[in-house]
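Student: build me a structure from this.
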Amino acid sequence: MKVIKYFFLAVAMLMTSGVCAQTAAQVNLLKKQALKGNIQACAKLAAYYRQNWMLDDAETYYTKQIILLNKKKLSNDAMAVARLREQVRKLRDNLPNTSKVQFIDSIVVDKQAFLSEIKMDKENGTIDSYQHFFNVADSTGAMIFLNGFGTKLTYSYRNAETGHLQLFTCDKKGDGWTESHICRGLQEDCDINYPFVNSEGTKMYFSANSRDGIGGYDIYMTRENGDGTGFVEPANLGYPFNSEFNEYLYVEDDINQLGWLVSDRYQPEDKVCIYIFIPEGLRTSYDYNDPDERKMCQKVAMLTSIKDTWTDKDAVDEALERLEFVRNQSEAAKNVAPKKEFTFVVDDDHVYYYLADFKSPSAYTSVNNWLARKKYLEEMNAKLEQQRLVFASASMAEKQRMANSLYQLEEQVFELEDMVKQIEKNLRKEELSALGLLR
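Tutor: Predicted coordinates:
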């Protein structure tokens, strides 16, 4: 008697949408067949419910399959279906941690050329292949990340001891680099690639095919530990950043407040989708105990429509404007010399116009902080002037109503001005020290 391999049947139905696209009548018929002990019906129902993220129902029919297969003494097939059930449980158990992140756009591109489609500001750093950066032959697909200052390099390389791609780091020294050191504290039993360090140097993101991940390659985040000997245990970013497919790259453009995620979810083998999102200041999750938010949580986790993630349409529209600006700027930069980014007076002989002008590595974070605070101060000053104009033409009753809020706004602007001045003072001191001019 020919034995049907139910595991491969289940996988085929899971990956072939046409098979899983059952009508209500077909589902009811399959349920009746499943009640009679039809293993194939259970497999089809499990695949159907899994594809539609009805994960409790999927688990139920995987369990029925396992019971029926064990009764027929098909233990190998039962174990294979049990692995599918564990994957469904993992998908479901990660749902409560789904982030309330807003995706504003997505584009499908060739997998081999997606880096050229990420229009991240170069001041956030550079992502490149190990082969191109070091001008050596490499067939591992290893990647590098160089910080915006060009002073610190983080790269992936196959570790001869573990046989896996691991992350290493080194620093710029003259015209060369210091001795490389492995990034300790990260898993050694999986491949780790596509490192990215945020502009402040406080967080490192990477892609890894860890066994405890949601899917193939997942995005993880870590940071250096307090004693400088390595990194803390990486955290899986969860849904919707990760999926049961492969996520290769996560980057944040702090200057333009845009994020980029590269994934092959729902794509042919030679394609990936680049999702553009608004980076979260403080990560928030959906309230899984609320029925409405629970439904939204499931939709967002699947990420079949970026509109499902929109919780603040105004923020989305503003981000789309920034994205358009970045794309236009990227095209214009090909033919136009770079404009001055800002003006910062160090002393009478040193005036800086670009982030790359700064010599102090520690000044990098301060410059971004200074620019962000200056921009916010300009916005608050404009708001204050507008409120003052409204106040001047208001009635006495309206003035009494507005007085307290106007006073609070003035106080906020004064505090911001003092903060910006202090940042400038500290930044100037750091740079004078780096130039050897600090008295």
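
Student: only C-alpha atoms for contact and neighbour calcs from this point on.
Tutor: Noted.

Student: what mean pLDDT does the host helix or strand of residue 429 have?
Tutor: Assigned by DSSP states H and E, residue 429 falls within helix 396-434. Helix 396-434 carries an average pLDDT of 88.

Student: for the stretch 51-200 of the chain, which segments count as strands?
Tutor: 102-110, 126-129, 143-146, 152-158, 165-173, 176-177, 181-182, 192-197 (DSSP state E, counting those that start in this stretch).

Student: so of the ones you listed, which one's packed in deepest?
Tutor: Among these, strand 192-197 has the highest mean neighbour count (mean count of other CA atoms under 10 Å), at a mean of 27.

Student: what's in contact with that one?
Tutor: Contacts to strand 192-197, defined as CA atoms under 8 Å, 6 or more residues apart in numbering, come from residues 127, 142-145, 147, 154-156, 164-167, 203-209, 248-251.

Student: also stretch 245-260?
Tutor: With contact meaning CA under 8 Å, 6+ apart, stretch 245-260 is reached by 118, 120-121, 124, 193-196, 198-199, 205-207, 215-219, 241, 261-265, 274-279, 319, 322-323, 326, 368.

Student: in strands, which of these appear?
Tutor: With strands taken from DSSP state E, the overlap with these comprises 193-196, 205-207, 218-219, 261-263, 274-278.

Student: show me the chain divided up by domain.
Tutor: The chain breaks down by automatic domain parsing into domains covering 6-93, 96-332, 344-434.

Student: what average pLDDT does the longest one get?
Tutor: In this case it means domain 96-332. Across domain 96-332, pLDDT averages out at 91.

Student: ok, back up a step: so which of the strands of the stretch 51-200 of the chain is nearest residue 314?
Tutor: Nearest of the strands of the stretch 51-200 of the chain to residue 314, taken as CA to CA: strand 102-110 at 11.3 Å.

Student: which strands and helices lie in contact with the closest one?
Tutor: In terms of contacts (3 or more CA pairs under 8 Å, 6 or more residues apart in numbering; DSSP states H and E), strand 102-110 is packed against strand 271-278, helix 313-332.

Student: quick check, central residue of this structure?
Tutor: residue 250 (4.1 Å; CA atoms, centre = their mean).

Student: measure that one to residue 121 for me?
Tutor: Per CA to CA, to the nearest Å, residue 250 is found 14 Å from residue 121.

Student: that older thread, can you confirm the residue nearest to the centre of the chain is in a helix?
Tutor: No. The assignment for residue 250, made by DSSP: H, G, I helix; E, B strand; the rest coil, is strand rather than a helix.

Student: how near is it to residue 375?
Tutor: Taking CA to CA, one finds residue 250 at 26 Å from residue 375.

Student: residue contacts, residue 156?
Tutor: 130, 142-144, 165-168, 192-195.

Student: repeat the analysis, applying 7 Å as the threshold.
Tutor: Neighbour list for residue 156: 142-144, 165-168, 192-193 [criterion: CA atoms under 7 Å, 6 or more residues apart in numbering].

Student: and the helices in the stretch 51-200 of the chain?
Tutor: For the stretch 51-200 of the chain, applying DSSP state H, counting those that start in this stretch gives helices covering 55-71, 75-93, 130-134.

Student: can you say which of those helices is nearest to residue 177?
Tutor: helix 130-134 (11.6 Å).

Student: what's the distance between that closest one and the middle of its chain?
Tutor: Distance of helix 130-134 from the chain centroid (CA atoms, centre = their mean, to the nearest Å) equals 24 Å.

Student: buried residues in stretch 381-390?
Tutor: 381, 384, 388 (16 or more other CA atoms under 10 Å).

Student: so what's the first one up against?
Tutor: Residue 381 sits next to residue 413 when contact means CA under 7 Å, 6+ apart.

Student: which secondary structure element contains it?
Tutor: helix 363-392.

Student: now that helix against helix 396-434, angle please.
Tutor: 160 degrees (axes from the mean of the first three to the mean of the last three CA atoms, to 10 degrees).

Student: for the record, mean pLDDT for helix 363-392?
Tutor: 83.

Student: give me the phi and psi for residue 302.
Tutor: phi -70, psi -40 (degrees, to the nearest 10).
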